[in-house]
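1. need a structure here:
(2 chains)
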Amino acid sequence: DAKTTQPPSMDCAEGRAANLPCNHSTISGNEYVYWYRQIHSQGPQYIIHGLKNNETNEMASLIITEDRKSSTLILPHATLRDTAVYYCIVIGFTGNQFYFGTGTSLTVIP
Amino acid sequence: GAVVSQHPSWVICKSGTSVKIECRSLDFQATTMFWYRQFPKQSLMLMATSNEGSKATYEQGVEKDKFLINHASLTLSTLTVTSAHPEDSSFYICSAANAPTLQETQYFGPGTRLLVL
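-> Numbering: from 1, shown residues only, chains lettered A, B, ... in the order given. A predicted model of the protein is given here:
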């Protein structure tokens, strides 16, 4: 069962930052937060993951609250190609099954 | 790096026939591969976990005799949909990870779209 809740949809203006929230209030100490996105009719693409510290890579930044009960994925300068469904997934240290929730459908508007 | 391929990308078959889908990790060894199914406008649903050289572990509600999984090498897993019926029409996606028990990033294939007539 998915352990995360996300808003079903969001819009973002092209060139602006897209902030996608995720609640994972039942997360335990050894569980990571992963973010993937799925562009229509393709396989999911890995974006970023973290445990408790904020993380940044060439695609995005991940901000995890101090209590770890929620996180935000930030796409700093959204482009039309960022239009996709974004999934937030919580996974334990000793198990690697991914259970996808419903995700957030992000639409980047010109 | 971390590229996963699937073959075929799409397939149409008659009801009652069997269909085999291949999943390959192209540039890393995948000790664990996963199979998912996705119906239109729905999220991915995990079907089974496959470890190289051992039997697959199926999620509750997934028929192991209908969805045969083989993971004979560290770079190849196959999913065979036996006696396919129209309700098996779906988007099948595999993923691969290179650690069997530790938290590890999964890399997904592009998916195989199956249509059963």
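
2. please name the nearest non-neighbouring residue to the residue of chain B found nearest chain A.
-> In chain B, the residue that lies nearest chain A is B:Phe108 (3.7 Å; CB to the nearest CB). Any C-beta I mention is one placed from the backbone N, CA and C, and that applies to glycine too. Spatially, and ignoring its direct neighbours in sequence, B:Phe108 is nearest to A:Gly43 (3.7 Å; CB to CB, 6 or more residues apart in numbering or on different chains).

3. ok so, going back, show me the beta-bridge partners of the residue of chain B closest to chain A.
-> For B:Phe108, the beta-bridge partners are B:Ser95 (DSSP bridges).

4. so what's the residue count around it?
-> The burial metric for B:Phe108, expressed as a neighbour count using other CB atoms under 10 Å in any protein chain shown, is 24.

5. identify the residues contacting residue 11.
-> You didn't say which chain, so I picked chain A. The contact partners of A:Asp11, taken as CB atoms under 8 Å, 6 or more residues apart in numbering or on different chains, are A:106-109.

6. nope, chain B please
-> B:19, B:21, B:112-115.

7. that one looks like it's in a strand, true?
-> Yes. Assessed by DSSP: H, G, I helix; E, B strand; the rest coil, B:Val11 belongs to a strand.

8. state the distance from it to A:Ala84.
-> B:Val11 sits 25 Å away from A:Ala84 when distances are taken as CB to CB, to the nearest Å.

9. also A:Ser61?
-> Distance from A:Ser61 to A:Ala84, by CB to CB: 17 Å.

10. higher neighbour count, the two?
-> A:Ala84 (21 against 17).

11. the more buried one against A:Ile39, yeah?
-> Yes. Counting by CB atoms under 8 Å, A:Ala84 does reach A:Ile39; the two are 4.5 Å apart.

12. adjacent strands (with direction) for the one helix or strand B:Leu46 maps to?
-> Taking DSSP states H and E as the criterion, B:Leu46 maps to strand B:45-51. Strand B:45-51 has its sheet partners listed here by DSSP bridges as strand B:32-38 (antiparallel), strand B:57-58 (antiparallel).

13. need the ones you listed in JSON lines (columns: mean pLDDT and mean neighbour count).
-> Shown next, in JSON lines, are the strands paired with strand B:45-51 (pLDDT from 0 to 100; neighbours: other CB atoms under 10 Å in any protein chain shown):
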{"stretch": "strand B:32-38", "mean pLDDT": "94", "mean neighbour count": "24"}
{"stretch": "strand B:57-58", "mean pLDDT": "93", "mean neighbour count": "16"}
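
14. those strands: which one's closest to B:Asn51?
-> Of all the strands paired with strand B:45-51, it is strand B:32-38 that lies closest to B:Asn51, at 5.4 Å by CB to CB.

15. centre of the chain to the closest one, how far?
-> 4 Å (CA atoms, centre = their mean, to the nearest Å).

16. ok, and what's touching it?
-> The contact list for strand B:32-38 (CB under 8 Å, 6+ apart) reads A:96-98, A:100, B:23, B:25, B:44-52, B:67, B:69, B:71, B:77, B:79, B:90-100, B:104, B:106, B:111.

17. could you give the bridge partners of the residue nearest in space to the middle of chain B?
-> By CA atoms, centre = their mean, chain B has its centre lying nearest to B:Trp35, at 3.4 Å. Going by DSSP bridges, B:Trp35 is paired in beta bridges with B:Ala48, B:Cys94.
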